[in-house]
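1. what would the 3D arrangement of this be:
(one chain, ligands or ions: 1)
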Amino acid sequence: MTAIADIMQTAPVIPVIVVDEVEHAVPLARALVAGGLRVLEVTLRTPAALDAIKAMKQVEGAIVGAGTVTNQQELADAIGAGSEFIVSPGLTESLGKAAIREGIPFLPGIANAGDIMRGLDLGLTHFKFFPAMAAGGLPALKALAAPFGQCRFCPTGGITLENAPDWLGFDPVLCVGGSWVAPRGAVDEAEVEKVAREAAALGG
Ligand SMILES: O=C(O)C(=O)C[C@H](O)[C@H](O)COP(=O)(O)O
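-> So this is what the prediction gives:
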């Protein structure tokens, strides 16, 4: 199993995906992977999400995980669907312990020092900074990261092609998450691939 640090360093942008119709899953994953974004976070926000995860895993090169995992039941469902990593908007002790017990790469959300300290208590060092822009943007993450030199981050929430380079220029940031690369609805594969390619190029 790939460690969360490796997953975070696979591509500079993790698409945050909302799938309403399972038919959209494979074309979307195919276009994103073709554009160079291999790590795909499918949010458990829609009834189609678990089937979308199963379907996307058939796309060669895709590393498919579940997002918006908020409790142990959702964790079990996500793992059952074949998720290769788990993203959560926040961090509870019960979810953190369960993810560690399962041995699945886990990226929980943090937004303050207490959240980070709860993660460190569990042995976690890699976090999603969420909601990145609303929680104070890059100045907030710089201030938060300073006392926690061992931690690495994936800012998500309000990230765009335009502001992503600023975030990625900060050393503790390994990647960013964003929905801008994965529009909802019917998939124009050529267009998604083009937008993904621009995002993948942020990695230099
Ligand atoms: O669903 C989750 O688990 C979340 O944590 C929320 C998402 O990460 C953000 O909604 C993505 O933010 P945007 O790129 O600004 O659309």
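2. hey, let's count contacts and neighbours off CA atoms from now on
-> Noted.
3. now do the strands in this protein.
-> Counting by DSSP state E, the chain has strands at residues 13-17, 39-43, 63-67, 86-88, 106-110, 126-129, 152-155, 176-178.
4. could I get those as a markdown table with mean neighbour count, distance to the ligand and mean pLDDT?
-> Shown next, in a markdown table, are those (neighbours: other C-alpha atoms under 10 Å; distance: least, C-alpha to the nearest ligand atom, whole Å; pLDDT from 0 to 100):
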| stretch | mean neighbour count | distance to the ligand | mean pLDDT |
| --- | --- | --- | --- |
| strand 13-17 | 27 | 6 | 98 |
| strand 39-43 | 27 | 5 | 98 |
| strand 63-67 | 26 | 5 | 98 |
| strand 86-88 | 24 | 5 | 98 |
| strand 106-110 | 27 | 7 | 98 |
| strand 126-129 | 28 | 8 | 98 |
| strand 152-155 | 26 | 9 | 98 |
| strand 176-178 | 25 | 3 | 98 |
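5. as TSV, those strands with distance to Arg118 would be great.
-> Formatted as TSV, the strands of the chain follow (distance: least, C-alpha to C-alpha, whole Å):
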stretch	distance to Arg118
strand 13-17	24
strand 39-43	23
strand 63-67	20
strand 86-88	14
strand 106-110	9
strand 126-129	11
strand 152-155	15
strand 176-178	22
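6. contact residues of this structure facing the ligand?
-> With C-alpha under 6 Å from any ligand atom as the criterion, the chain meets the ligand at residues 16, 43, 67-68, 88-89, 156-159, 178-180.
7. off-centre distance for the biggest helix by length in the chain?
-> Ranked by number of residues, the top helix in the chain under DSSP state H is helix 189-200. How far helix 189-200 lies from its chain's middle: 18 Å, per C-alpha atoms, centre = their mean, to the nearest Å.
8. can you check stretch 135-151 too?
-> With C-alpha atoms, centre = their mean, you get 18 Å for stretch 135-151.
9. re earlier: give me the buried positions along the longest helix of the chain.
-> By neighbour count with 16 or more other C-alpha atoms under 10 Å, helix 189-200 contains the buried residues Glu189, Val192, Glu193, Lys194, Val195, Ala196, Arg197, Ala199, Ala200.
10. what of stretch 104-121?
-> Those would be 104-112, 115-116, 118-119, for stretch 104-121 by 16+ other C-alpha under 10 Å.
11. just list the residues touching His24, thanks.
-> Applying C-alpha atoms under 8 Å, 6 or more residues apart in numbering to His24 gives the contacts Gly185, Ala186, Val187.
12. just the buried ones from the residues you listed?
-> Among these, those classed as buried by 16+ other C-alpha under 10 Å are Val187.
13. dump the contacts of His24 to a markdown table, plus pLDDT.
-> Shown next, in a markdown table, are the contacts of His24 (pLDDT from 0 to 100):
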| residue | pLDDT |
| --- | --- |
| Gly185 | 91 |
| Ala186 | 92 |
| Val187 | 94 |
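14. out of the buried residues of helix 189-200, which is nearest to the ligand?
-> Of all these, the ligand sits closest to Ala199, with 12.8 Å by C-alpha to the nearest ligand atom.
15. and the residue lying farthest from the centre of the chain, what's its pLDDT?
-> Distance to the chain centre peaks in the chain at Pro147, reaching 23.7 Å (criterion: C-alpha atoms, centre = their mean). Looking at Pro147, its pLDDT reads 98.
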